[in-house]
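# Provided below are the primary sequence and the corresponding predicted coordinates.
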Amino acid sequence: MKCVIIDDEPLAVELLEDFVKKVDYLELINTFNNAIDAVSFINQNSVDLIFLDIQMPHFSGIDFLNTIEKKPLVIFTTAYSDYAVEGFNLGAVDYLVKPIPFHRFLKSVVRAQQIINPATAIQTISENTTVPELEQDFMFVRAEYENVKMNFADILFIEGLKDYVKIYTTDNKFTLTLISLIKLENFLSSKGFSRIHRSYIINIKHVKSIQKNKVLISDKRIPISESYKTAFFEKINL
């Protein structure tokens, strides 16, 4: 895999360069100490994987990821765990908090290799290292002053409220978080969820019944709008 390192800390770049050398199927093709300089290179070259620092001056890793035209796989590297939610919601392969131990670096790389070429992923891992599952079955959301882990299987449905959403779970509670419904739709659409209304995303596995233009989940009847009905019915083979 052709990879690039983007980090404003020279020592962090050196550490990642050393880690890359230890993995024979990684090829380091460039390093950058700021994300602005990396934009044109990524857009003009074939890159499989980026090790991307999030908090950099003037132009963050998230700004960079939202700017580039080509979208290689990304492993975020940062000293701050507060960005984990946004990192995963942007589709990152993994999120590594500095200081990064080699075994965590290697887990992330194996996951990236599985995504690119699952049939021939090279399992060069230590005896005590377990390969992470390809499919992530949870997400983190910001609620008040903490990042809350939410397992997809526990989510019943999500209700949009302007800039916020309410995430209802199987324990008859809800979590209020600041994120747009469209971002959650993009993130969850491949994980068993479906947008059925401009205000609702549902977990298909928790649907008890469908009657006319409504679905029943737990004791809640949720409307299906005409604009989402066709795509929803195709998804559940109706």
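That came through, no problem.
# Please count neighbours and contacts with C-alpha atoms only from this point.
OK.
# ok, residue 209 - contacts?
Under the criterion of Cα atoms under 8 Å, 6 or more residues apart in numbering, the neighbours of residue 209 are 215-217.
# Now with 7 Å, please.
Each residue near residue 209 by Cα atoms under 7 Å, 6 or more residues apart in numbering is listed here: 215-216.
# does it have beta-bridge partners, and which?
Beta-bridge pairing of residue 209 under DSSP bridges involves residue 216.
# I'd like the next helix or strand past the helix or strand bottoming out on mean pLDDT in the chain.
Every helix and strand in the chain was compared by mean pLDDT, DSSP states H and E; the lowest is helix 84-89, with a mean of 57. Next helix or strand after helix 84-89 toward the C-terminus (DSSP states H and E): strand 94-97.
# Counting by contacts, list what that next one packs against.
strand 73-78 (3 or more Cα pairs under 7 Å, 6 or more residues apart in numbering; DSSP states H and E).
# ok, then the element right after the lengthiest helix in the chain?
In the chain, with assignment by DSSP state H, the single longest helix is helix 102-116. Downstream of helix 102-116, the first helix or strand assigned by DSSP H and E is strand 138-143.
# ok, residues contacting that next one?
With Cα under 7 Å, 6+ apart, strand 138-143 has contacts from 85, 147-152, 175-177.
# The residue lying closest to residue 152 once chain neighbours are set aside: neighbouring residues, count only.
Spatial nearest neighbour of residue 152, chain neighbours left out: residue 138 (5.2 Å); criterion: Cα to Cα, 6 or more residues apart in numbering. Counted by other Cα atoms under 10 Å, the residues lying close to residue 138 total 15.
# and if you look at the one 4 residues further on?
Residue 142 has 19 neighbouring residues, counting by other Cα under 10 Å.
# What residues are recorded as beta-bridge partners of it?
Beta-bridge partners of residue 142, as defined by DSSP bridges: residue 147.
# Surely residue 55 is in contact with residue 64?
No: taking Cα atoms under 7 Å as the definition, residue 55 is not a contact partner of residue 64, at 10.8 Å.
# wait, is residue 70 part of a helix?
No: with DSSP: H, G, I helix; E, B strand; the rest coil as the criterion, residue 70 is coil rather than part of a helix.
# show me the contacts for it.
Residue 70 neighbours (Cα under 7 Å, 6+ apart): 42-43.
# gap between residue 162 and residue 182?
From residue 162 across to residue 182, the span is 11 Å (Cα to Cα, to the nearest Å).
# Neighbour count: those two, which is higher?
residue 182 (14 against 11).
# What distance do you get for the residue nearest to residue 152 to residue 17?
From residue 138 over to residue 17 (counting by Cα to Cα), the distance is 30 Å.
# repeat for residue 11
Taking Cα to Cα, one finds residue 11 at 10 Å from residue 17.
# On the pLDDT front, check residue 18 for me.
Here the pLDDT value assigned to residue 18 is 94.
# Which strand or helix spans it?
Judged by DSSP H and E, residue 18 forms part of helix 10-21.
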